[in-house]
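# generate a structure from the sequence data that follows.
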Amino acid sequence: MRIVLGDDHGIVRRGLKALLDAEDDIEVVGEAGDGLEALRMCETHRPDVAILDIAMPRLNGIDVAERAIKHQPQLKVVFLSMYADEAYVLRALSAGARGYLLKESTEQDLVPALRTISQGRPYFSPTISAMLLSDYMRHL
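Residues are numbered from 1 along each chain as shown. Purely as a prediction, here's the structure:
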């Protein structure tokens, strides 16, 4: 699985890269510290999965996802964010995201999440799943 990382915090990117490099079937093919660079990395490297933060300089992650998926429909995007707000999650899903993980997730959550998403199935942090399900049930 080929991955592009987009997060404006270098320490987060380095930590994610170290974690993912330990997996035989995962290759980090690009890293970006801002949204425009993340979009360029997706266009240049054509990854299977892009891991994006929402809040990035120059272009937010939701706009990156929307533009990248428009040009590469098979791209699977997962957000790794500190925002547990329903509005952010719904905007991410509307942009085409297949997953949404909170930055409070453990390292044991990340790799299974990426494998699930790369197979075309959605994956959400338990907090996000509960929020989405509660919202759905309110609207029944």
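# which stretches of this protein form helices?
If you assign secondary structure with DSSP state H, the helices in the chain sit at 10-21, 35-45, 61-71, 86-94, 107-118, 126-138.
# quick one: these as TSV, columns for distance to residue 77 and mean pLDDT too.
From N, CA and C alone the C-beta is placed, and that goes for glycine too. Putting the helices of the chain into TSV (distance: least, CB to CB, whole Å; pLDDT from 0 to 100) gives the following:
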stretch	distance to residue 77	mean pLDDT
helix 10-21	15	96
helix 35-45	9	98
helix 61-71	4	98
helix 86-94	8	95
helix 107-118	8	93
helix 126-138	15	88
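# turn these into TSV, including mean neighbour count and distance to residue 79.
Written out in TSV, the entries for these read as follows (neighbours: other CB atoms under 10 Å; distance: least, CB to CB, whole Å):
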stretch	mean neighbour count	distance to residue 79
helix 10-21	14	13
helix 35-45	20	12
helix 61-71	21	6
helix 86-94	17	5
helix 107-118	17	11
helix 126-138	13	10
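# CSV please, covering the ones you listed and showing distance to residue 78.
Listed next are these as CSV, based on distance: least, CB to CB, whole Å:
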stretch, distance to residue 78
helix 10-21, 11
helix 35-45, 13
helix 61-71, 9
helix 86-94, 9
helix 107-118, 5
helix 126-138, 11
